[in-house]
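Trainee: got a structure for you, letters missing:
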DNA sequence: GGTCGATGTGGGAGCGCTCCCAATGACACG
DNA sequence: CGTGTCATTGGGAGCGCTCCCACATCGACC
């Protein structure tokens, strides 16, 4: 195995030839340092010299060696994106793909690179190897964690290592870690409140796995709304599911089979589960929303194409990703700054499946569109805002209780 | 901005302390070289010494610095995974998420890291920056390209740069690039052949974008089957769509509105588009498969939960990913080896939506289960094989015409 | 007892950058 | 004309590894 570059080989058409600052320096008649300054946009270079160097760089199609740069600067310009393997629903739900896309997009804008870390097998030994190799091997400058599980050991590890980390999804037990999130509890509460405003009393909940903090928060919000309305919840109306379409379908069947009678409205804690519920309702010939009303969670564009269109609590997935990257950059630049916590707003899209098709239901809450968070990267509402529905209720950003 | 590590700080509980081969060497009473040998599994170390060094490494929780390693060895142990932004259907279809997962999984097994490259905006300037930064900056050792478009400029660039690259999806015009693929044309042909065996003559096609090579190949296969059966195709029966569910629904509506009459069977070139078609059929009350039979493409597990279950041509997405990583590793180790091309087998799952519900239709082709390709990494059939249907027709791997 | 190979081991010389400091020249001012 | 100041520029010293070569050390063998 020859590792040495094949130097004497005649450089063939376009083939990558190793090139260094020194080469460029010689060709431009300056020193290595000056080329370095030009490459790094250091102002201490005379415009004429800068011009000359830039010309040579562009002629030679030179780009500085990342490894050498990292070694000397102690910065890799790579951030890690960790998607925990424990979440079985990773790719049966477009949440994570959208998140990944949002993160890479934000990084492109900053000339950062993304190292994707995930372990579908969720084997502790693999995770440990991955962790040691990437974090301790200093492959990356910081880490974005896709979604935190309750008692995620990796989260505690990052805190102990004081490694720059931003979690998407709150970490109530880790005040020293930065995170960005939506207010899942409040959002869920207002979904159920909306169903109550439609006159429904027997409201089912198709929830996510309790181990996912966001899912737990949505359970809590559901109960909050029932309590506030003085409704005594039926435990049979609450089904734990798994964020998949199949799981949503199974949960719906379960709700329909409850001895005390089926629900007259259902809140599914994800659009994907709502879609599963939808198919079951179609199968048995139940009319939505007349027989059973339905509201999802996520605000995925694709569910605009069902009939009736799915009402849903939209969360700014791309905004979360952008915010996480921005926060992480800040943390990398100032490692000793205190942790930051941000809450982004959500929107309830009233569409066909909840019974809204024009006039707001009696008693529905209508807030003015909330000003977004102080993080300017959180562009909101989502781009498909204009495609259907109308925001009824939003949760303005606010500092989270730390 | 202090870049220097805060050395004098008392090392707090678990905080990352910079550590080097030299440190370990001193603690173990050996030289830097010996530690390096231990870390790299070089046999030229006495067992006793190795043991001692390993103990110190583990005590100190040491992991060698990736940048220094890369700089000295000229290998980064990172591979790039490029998902072209031009494909709008990236995340509306689980194909890419599954591919990404497959690639990271394969890399974990080899202690390789994955750098995710994608540009949703598909802006040439961004792509160019990304390319220069990552490829020419030598951030990665090699590249897996998710799916090639017809005339993808990036593909030509890789070939010119002689950069280790494997494309998932064939590149007929680039014999010097390695790729792994399925035989889309033949697979599509046998789908349509199967519909013909069911007695259908008026067969619609919901295709993907023509700019995607795989989609084009499926069009060709569709026509092959019609020709072979002596059926004169109706151009109105062929609708170009976009691999999304909404696109599939729109295409189905289009097929239903054709003046010469609706199809009695439809081949959708992806399961996601088939799902869209499904909802339209349900909406108008058409029975599947009695009024209109339907077969999809991809073999996504989620469509096992529809009613009737979706018949589909399954492709080994994870197998493609694994094969690509294996091929890329080989190419990185032996850059001068000739390019490799592999074709993985597909399976037709006969389920409810095509009319198969037990006995094979008259004249259906039944091959013995094909032995998989010579690439041992391609485990096949997919893990959900046991969940429904029965393979009817497989395409054994064969060397591709180069 | 000398020679040879095999087997370990140590240290030097980079890899291609960044950062620091010293040196240079130009210019203004006293 | 001396001196100080500023803007530029060059070169040295690493960053933490890998690789190569030299140098033991130890038997085995003649």
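Mentor: Here it is on my side, so go on. Computed from a predicted structure; not experimentally measured. Numbering: from 1, shown residues only, chains lettered A, B, ... in the order given.
Trainee: Need phi/psi at residue A:132.
Mentor: phi -60, psi -50 (degrees, to the nearest 10).
Trainee: give me every residue that touches the closest residue in space to it that isn't next to it in sequence.
Mentor: Excluding its sequence neighbours, the residue lying closest to residue A:132 (Cβ to Cβ, 6 or more residues apart in numbering or on different chains) is residue B:63, at 5.1 Å. (Each C-beta comes from the backbone N, C-alpha and C, glycine too.) With contact set as Cβ atoms under 8 Å, 6 or more residues apart in numbering or on different chains, residue B:63 has these partners: A:132-133, A:136-137.
Trainee: and if you look at residue A:107?
Mentor: A:79, A:113-114, A:325.
Trainee: ok, of those, which one's closest to residue B:149?
Mentor: residue A:114 (21.9 Å; Cβ to Cβ).
Trainee: Give me the contacts around the host helix or strand of that closest one.
Mentor: According to DSSP states H and E, residue A:114 maps onto strand A:113-118. Contacting residues not belonging to strand A:113-118 are listed as A:77-85, A:90, A:100, A:103-104, A:107, A:130, A:134, A:139-140, B:78, B:81, B:100-101, B:104, B:113-117, B:133-134, B:139 [Cβ under 8 Å, 6+ apart].
Trainee: In helices, which of those residues appear?
Mentor: Among the contacts of strand A:113-118, the members found in helices (DSSP state H) are A:100, A:103-104, A:107, A:130, B:100-101, B:104.
Trainee: tell me the contacts of the spatially most central residue of chain A?
Mentor: The structure's chain A has its C-alpha centroid closest to residue A:99; by Cα atoms, centre = their mean the separation is 3.8 Å. Taking Cβ under 8 Å, 6+ apart, we find residue A:99 in contact with A:146, A:168, A:317, A:320-321.
Trainee: my read is the residue nearest to residue A:132 is in a strand, agree?
Mentor: No: read with DSSP: H, G, I helix; E, B strand; the rest coil, residue B:63 is coil and lies in no strand.
Trainee: low pLDDT regions in chain A?
Mentor: A:1-17, A:86-90, A:304-306, A:357-402 (pLDDT under 70).
Trainee: Next, count neighbours for residue A:240.
Mentor: 16 (other Cβ atoms under 10 Å in any protein chain shown).
Trainee: Kindly apply the preceding question to residue A:121 instead.
Mentor: 13.
Trainee: got it, and residue A:127?
Mentor: So residue A:127, with other Cβ under 10 Å, has 22 neighbours.
Trainee: any idea how far it lies from residue A:119?
Mentor: To residue A:119, residue A:127 is 6 Å away according to Cβ to Cβ, to the nearest Å.
Trainee: quick one: common contacting residues for these two?
Mentor: Common contact partners of residue A:127 and residue A:119 (Cβ under 8 Å, 6+ apart): residue A:85.
Trainee: so can I have a markdown table of the contacts of residue A:99 showing neighbour count, secondary structure and distance to DNA strand D?
Mentor: Below are the contacts of residue A:99 laid out as a markdown table (neighbours: other Cβ atoms under 10 Å in any protein chain shown; DSSP: H, G, I helix; E, B strand; the rest coil; distance: Cβ to the nearest atom of the strand, whole Å):
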| residue | neighbour count | secondary structure | distance to DNA strand D |
| --- | --- | --- | --- |
| A:146 | 23 | coil | 29 |
| A:168 | 24 | strand | 31 |
| A:317 | 24 | helix | 38 |
| A:320 | 27 | helix | 34 |
| A:321 | 27 | helix | 31 |
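Trainee: can you give me the helices for the stretch 301-402 of chain A?
Mentor: In the stretch 301-402 of chain A, the helices defined using DSSP state H, counting those that start in this stretch lie at A:317-333.
Trainee: Would you map the strands across it?
Mentor: A:311-314, A:341-344, A:347-349, A:391-394 (DSSP state E, counting those that start in this stretch).
Trainee: for the contacts of residue A:107, which one is nearest residue B:214?
Mentor: The nearest member of the contacts of residue A:107 to residue B:214, counting by Cβ to Cβ, is residue A:114 at 25.8 Å.
Trainee: For that closest one, give the beta-bridge partners.
Mentor: For residue A:114, the beta-bridge partners under DSSP bridges are residue A:79, residue B:116.
Trainee: what's the burial count for it?
Mentor: So residue A:114, with other Cβ under 10 Å, has 25 neighbours.
Trainee: cool, residue A:103 as well?
Mentor: Residue A:103 has 26 neighbours, counted by other Cβ under 10 Å.
Trainee: from what I can see it touches residue A:142, true?
Mentor: No: at 11.8 Å, residue A:103 and residue A:142 do not qualify as touching, with contact defined as Cβ atoms under 8 Å.
Trainee: Up against DNA strand C, what does the stretch 51-200 of chain A have?
Mentor: Residues of the stretch 51-200 of chain A found near DNA strand C (Cβ under 7 Å from any atom of the strand) are A:64-65, A:68-69, A:71-73.
Trainee: how about residue A:77, what does it touch?
Mentor: Contacts of residue A:77 by Cβ under 8 Å, 6+ apart are A:66, A:69-70, A:111-113, A:141.
Trainee: you'd agree residue A:205 is in a helix?
Mentor: No: counting by three-state DSSP, residue A:205 is not part of a helix but strand.
Trainee: from memory it sits against residue A:265, does it?
Mentor: No: Residue A:205 lies out of contact with residue A:265 (Cβ under 8 Å); the separation is 10.0 Å.
Trainee: Indicate the residue of the stretch 301-402 of chain A located nearest to DNA strand C.
Mentor: residue A:333 (12.1 Å; Cβ to the nearest atom of the strand).
Trainee: thinking again about what came up before, for the residue nearest to residue A:132, give its distance to DNA strand D.
Mentor: Counting by Cβ to the nearest atom of the strand, to the nearest Å, the gap from residue B:63 to DNA strand D is 7 Å.
Trainee: Leaving aside the residues adjacent along the chain, what's closest to residue A:307?
Mentor: Closest to residue A:307 by Cβ to Cβ, 6+ apart is residue B:283, at 5.7 Å.
Trainee: Many thanks, I have nothing further to ask.
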